[in-house]
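Asks: need a structure here:
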Amino acid sequence: MKEIAVNRKAYFEYFIEEKYECGIALIGSEVKSLRLGHLTLSDSYAHIKDGEVYLINANIPCYEKTSAFKVDTRRSRKLLLHKSEILRLERKVKDKSYTLIPLKAYFEGGLVKIELALAKGKHLYDKKQSLKEKDIAKEQQRDIKNLK
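Replies: Residues are numbered from 1 along each chain as shown. This is a model prediction of the structure:
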């Protein structure tokens, strides 16, 4: 498994409830661009429309050596999931106000996969608590290092 991109901001902004692995429908030279590691997931999210899941606002820049077939870098891309998974996700997004967030993109056996998370947004006080816990963990690591 070769990682292409990781959405580090997602773990700070959201509580991650469930994770799903899904494929992505790409066209043209987008795969070549992904092989070079050109992908930005930080502001992207997934949306369910007409029983299909789409990745919105993910940036895959054009492959620099292509000339004939250029596509919009922030276009909506279809995510490939099983019908039962889509129905379960759709129910949770509508009923319990969850959000679908891409966590990372990677190659698996020559195919591009997206790890999609069912997440709930954090409040400001939750984010402050996360930062506080992170600082405490760093402090403990420094103390352990100084003892050795």
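Asks: From what I see, Thr99 and Tyr45 are in contact.
Replies: Yes: using CB atoms under 8 Å, Thr99 and Tyr45 qualify as a contacting pair, with a distance of 6.4 Å. Where you see a C-beta, it was placed from the backbone N, CA and C, and this is true even at glycine.
Asks: Okay, strands next: where are they in this protein?
Replies: Here the chain has its strands, by DSSP state E, at 2-6, 14-24, 45-49, 52-56, 77-80, 99-108, 111-121.
Asks: closest one to Leu147 among those?
Replies: The closest of those to Leu147 is strand 2-6. By CB to CB, the value is 32.3 Å.
Asks: returning to that earlier point: which one, of the strands of the chain, ends up nearest to Glu139?
Replies: It's strand 14-24; of the strands of the chain, that one is closest to Glu139 (CB to CB) at 24.2 Å.
Asks: what angle sits between the helix ranked longest in the chain and strand 14-24?
Replies: Using DSSP state H, we find that the single longest helix of the chain is helix 124-147. Helix 124-147 and strand 14-24 meet at an angle of 90 degrees, taking axes from the mean of the first three to the mean of the last three CA atoms, to 10 degrees as the criterion.
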